[in-house]
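*Asks:* Build the 3D model from these lines:
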Amino acid sequence: MCVTLHRPLRELMATAFDLGLLVNRTDYVFIFMFIYQVPGENPPEWNQGDAIDLKVKEAFKSMLIIRAQPLNWTQLNNITERIVRRGSEQFNVTYDRNNKLNEFAIGCYETVELLAVVLDRMRANAQHLVTPAAFLPHLRDQTFPLSFRNITFGPDGARIAALVLQKFHRESGTFQDVTKFGLNSRHALGSISYRDVWTGPIPPDRPPCGFNGEHCQGNSMWQFRTTIGVSVGVVVSAVLAATVLSYWHVRQFSPEQQMWWQLDSTQLLLRLWTHWSEWSTQAHRQDTGR
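*Replies:* Below is the predicted model:
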């Protein structure tokens with residue numbers, strides 16, 4: 001599962017190619033999450049004119065993409081041009097046509113359009129007090145045909161994301177839609193078969209012998225290694241426990257520890273008093289000069 005930016009993704013897939021993870025395309029499947037297209041972050045592309053182009057192209061055959069439904073940028077050209085032009089003039093930013101490919105800006109535009117549509121419906125129903133409690137019922141289980149695409153909300157008033165599954169098309173060298181995700185259905189991918197999604201045998205979801213070889217019965221080498229590992233672990237644990245116990249026993253039953261209770265507090269007081277008397281006598285002689 002890959003959730004990263006475009007450049008690190010290409011480097012990751014090229015490294016997978018170098019490590020031989022894509023041989024026969026039967027061992028690994030890479031799934032990339034791509035949500036929004038914004039300036040500087042385009043959908044995955046193999047042809048960037050660098051040294052890893054061909055590796056990335058081959059590796060992309062083993063990658064699937066889950067992303068928001070792509071927008072028709074040709075259809076959106078007029079509105080994106082207006083947005084970029086106005087931003088350049090208002091904020092004194094140099095015009096860059098690449099800034100037109102901005103799904104976030106389109107989302108903001110659609111939010112305002114949706115708000116206007118719902119407010120018109122509320123006014124038509126004589127609802128002049130706009131509160132969240134009054135606004136939410138107009139979203140539940142509704143689909144709004146906005147200017148560029150339909151926006152659907154679920155029974156709880158939350159938007160249902162329009163997601164698609166894509167795979168790499170060998171002839172065109174691009175990722176193309178396979179199917180839409182039905183997030184409000186028990187079968188998210190509908191009735192498509194794995195052959196519609198994946199070419200060749202499906203990679204297993206675990207190693208043939210399990211992650212630790214536990215599924216390979218009669219594997220003498222694995223059993224031997226397991227036995228040795230367990231035995232060594234038990235022996236080492238026993239030695240450590242014996243060492244700690246021996247140290248504790250020596251400390252607990254040493255002569256010093258056994259005799260501490262025979263000390264007499266009066267002897268300690270007498271010794272302290274003796275030292276105090278000697279110190280007082282010396283101080284008196286220094287004061288009197290005797």
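
*Asks:* drop to CA atoms for contacts and neighbour counts, all remaining ones
*Replies:* Noted.

*Asks:* tell me the domain ranges of the protein?
*Replies:* Per automatic domain parsing, the domain ranges recorded for the chain read 6-197, 220-288.

*Asks:* Out of these, name the one with the poorest average pLDDT.
*Replies:* Among the domains of the chain, domain 220-288 carries the lowest mean pLDDT, a mean of 54.

*Asks:* With T94 as the reference, measure out to the nearest residue to P137 once chain neighbours are set aside.
*Replies:* What sits nearest to P137 in space, not counting adjacent residues and going by CA to CA, 6 or more residues apart in numbering, is G157, at 7.3 Å. Distance of G157 to T94, given as CA to CA, to the nearest Å: 40 Å.

*Asks:* Just want to know which of the two has more residues nearby.
*Replies:* G157 (16 against 11; other CA atoms under 10 Å).

*Asks:* Pretty sure the more buried one sits against A133.
*Replies:* No - checked against CA atoms under 8 Å, the pair G157 and A133 is beyond contact range at 11.1 Å.

*Asks:* Give the intersection of the neighbour lists for these two.
*Replies:* Here G157 and A133 have no joint contacts, going by CA atoms under 8 Å, 6 or more residues apart in numbering.

*Asks:* tell me which residues of stretch 2-12 are tucked away?
*Replies:* 5-6, 9-10, 12 (16 or more other CA atoms under 10 Å).

*Asks:* So what touches it?
*Replies:* By CA under 8 Å, 6+ apart, stretch 2-12 touches 30-34, 41-44, 46, 52, 56.

*Asks:* my read: V93 touches V84, true?
*Replies:* No - between V93 and V84 there is no contact under CA under 8 Å: 9.4 Å.

*Asks:* Filter the contacts of stretch 2-12 down to the buried ones.
*Replies:* Buried, going by 16+ other CA under 10 Å: 31-34, 43-44, 46, 52, 56, out of the contacts of stretch 2-12.

*Asks:* Which of those fall within helices?
*Replies:* Among the buried ones among the contacts of stretch 2-12, the ones falling in helices (DSSP state H) are V56.

*Asks:* E89: which of the buried ones among the contacts of stretch 2-12 is nearest?
*Replies:* P43 (28.4 Å; CA to CA).

*Asks:* Please name the nearest non-neighbouring residue to that closest one.
*Replies:* Q37 (6.8 Å).

*Asks:* need the contact list for the one you found.
*Replies:* 43, 101-104.
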